[in-house]
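S.K.: Quick one: sequence plus predicted model below, questions after.
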Amino acid sequence: LPKLNPTDKQTTNPGPAVAATASISSIFFPLSFKAFWTIQSIFSKWDLAASSGTTPPNSLCTSVWLEIILERIIGIPCSFSEIKDAAVSSQLVSIPRIKGFLFIQIVFNNCTIPIQVRNDFFMKKKITIGSRGSKLALLYAQKVKQKIIEVTNFTDQDINIEKISTKGDEILDTRLSDVGGKGLFSSSIEQELQKNNIDIAVHALKDMPAIETNGLLTDTFLERTDAREIVIINGNKKFKDLKKNAVIGTSSYRRQFQIKKIRPDVSCKLIRGNVDTRIKKLMDGEYDAIILSYAGIKYLKLEDKISEIFSIEEIIPSAGQGIIAIQCRENDEDMISMLKKINHKETYKRAHAERNILKILEGDCETAVGIHSKIDENKITVEAELFSLDGSQRFYEKKSDKLENFRELGNEIGQILKTKSNNSYKR
């Protein structure tokens, strides 16, 4: 009976919304168990006596009554009765009130109260989700919240989304690689997680550094949405119809080099800010076109703004693009256990395969690398392209392997690209 284990207690260091219950358990559970097994022993003996005719069958009825109560109160089917025959079954239609029946009921209900209190208390704790404050980031957090509600007993009121300002949101006139890299979007949220001010953090996986922050764990991923890139053009033209030397808005070296493969004549200009801000700058005439991820546009329901969707063959997206990642403390066993319920298995494998390439490359925000994977039954295929610092050289690799080798495949491709490039992608 694992639910009734008297040694079960909180061994982690939960956040403010996750209260420990070890003290309650340590007081009540030993008493509950003594009473519980004493009652079982008594009724087992009564059963034998009843079957031999030395005790009225009513006691056997009481034993079966105990089984029913136990199953109804704590959801564990048990069998105390050694013998159940038709005669006894017929008597259970109306359970008799034998002497002491009320006393047994009171004792038993009191024995199960600590179990019910503990279960209700644990299942009704609050969860605080940390998220960036942008419209898109909050939609990601809301998606995670909904997934948790679907697989647990938590309600909408039990889960709070905490908006956290990040340096990446505050610094809007400089390229990220010049002021600290991808960590600018996640470090402030991670600090709140480390301080136990939030219970989990929600990120766009493509915005996270390749190396995990000490003490934290990013191992849960929602099902991937479309990973492709899109272009929004002022006047809703096709990309090939853009005027010569058109100005393209992007903050990514990867996108810049990939776009120039398709249209060498275009000029790329830095653009920062959330999706709405970038679209406004486009409409104000600061740019002729802007490149964005399809996933973000879908979440914001702005598909009508899309001028063209690039295929994976045309533009290989960033590692983890289109994936929502959930991060928690690595010693928070309760959260880890809960997050496993919402982890999408296929996306989990793709995320780790792609990010393992980044880890081998020791890539940062300045590393111009596109990585994408796909799974076909029991096979995983990963392709990646890496550019030199100035974009003049391109190194490409594509390999497949058994699905179970997803991590090793990522490591292998990362090592091949590192060797091919001779570190020309790093300063």
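M.R.: Thanks, I have it. Predicted model only: the values in this text are computed from it and were never measured.

S.K.: doesn't residue 191 fall inside a strand?
M.R.: No: counting by DSSP: H, G, I helix; E, B strand; the rest coil, residue 191 is located in no strand; its state is helix.

S.K.: and it, what does it touch?
M.R.: Under the criterion of CB atoms under 8 Å, 6 or more residues apart in numbering, residue 191 has no neighbours. The C-beta positions use only the backbone N, C-alpha and C, and glycine is treated the same way.

S.K.: Neighbours of the nearest residue to residue 163 once chain neighbours are set aside, how many?
M.R.: Spatial nearest neighbour of residue 163, excluding adjacent residues (CB to CB, 6 or more residues apart in numbering): residue 133 at 3.9 Å. Using other CB atoms under 10 Å, residue 133 is surrounded by 15 other residues.

S.K.: A strand includes residue 133, no?
M.R.: No: Residue 133 is assigned coil when assessed by three-state DSSP, not a strand.

S.K.: and residue 343, how many residues sit next to it?
M.R.: With other CB under 10 Å as criterion, residue 343 counts 15.

S.K.: ok, now residue 253?
M.R.: 21.

S.K.: Return the residues in contact with it.
M.R.: Per CB under 8 Å, 6+ apart, neighbours of residue 253: 177, 366, 367, 368, 387, 391.

S.K.: again, but for residue 237
M.R.: Contacts of residue 237 (CB under 8 Å, 6+ apart): residue 307.

S.K.: Can you tell me how far it is from residue 288?
M.R.: Applying CB to CB, to the nearest Å, the value for residue 237 to residue 288 is 9 Å.

S.K.: Over to residue 218?
M.R.: 37 Å.

S.K.: The residue nearest to residue 163 reaches residue 162, doesn't it?
M.R.: No: contact criterion CB atoms under 8 Å: residue 133 and residue 162 do not qualify, at 9.5 Å.

S.K.: Residue 352 contacts residue 409, correct?
M.R.: No: assessed by CB under 8 Å, residue 352 is found out of contact with residue 409, at 9.9 Å.

S.K.: Between these two, point out the one with more neighbours.
M.R.: Neighbours per residue (other CB under 10 Å) separate residue 352 from residue 409, with residue 409 holding more: 23 against 18.

S.K.: The strand or helix carrying the more buried one - contacts with which helices or strands?
M.R.: Assigned by DSSP states H and E, residue 409 belongs to helix 406-421. Helix 406-421 sits against helix 345-361, strand 379-387, strand 394-402, with contacts defined as 3 or more CB pairs under 8 Å, 6 or more residues apart in numbering; DSSP states H and E.

S.K.: let's go with 10 Å and repeat that
M.R.: Packed against helix 406-421 by the contact rule (3 or more CB pairs under 10 Å, 6 or more residues apart in numbering; DSSP states H and E) you find helix 345-361, strand 369-376, strand 379-387, strand 394-402.

S.K.: what does the average pLDDT come to for that helix?
M.R.: The pLDDT scores in helix 406-421 average 97.

S.K.: Can you dump the C-alpha atoms of that helix in CSV for me?
M.R.: The C-alpha coordinates for helix 406-421 follow below in CSV (Å, rounded to 0.1, in the frame of the first residue of the first chain):
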residue,chain,number,x,y,z
PHE,A,406,19.1,10.4,-30.4
ARG,A,407,21.6,11.9,-27.9
GLU,A,408,24.6,10.2,-29.5
LEU,A,409,23.5,11.4,-33.0
GLY,A,410,23.5,15.0,-31.8
ASN,A,411,26.9,14.6,-30.3
GLU,A,412,28.3,13.0,-33.5
ILE,A,413,27.0,15.7,-35.8
GLY,A,414,28.2,18.4,-33.5
GLN,A,415,31.7,16.9,-33.5
ILE,A,416,31.7,16.6,-37.3
LEU,A,417,30.8,20.2,-37.8
LYS,A,418,33.3,21.3,-35.2
THR,A,419,36.1,19.5,-37.1
LYS,A,420,34.9,20.6,-40.5
SER,A,421,34.8,24.3,-39.5
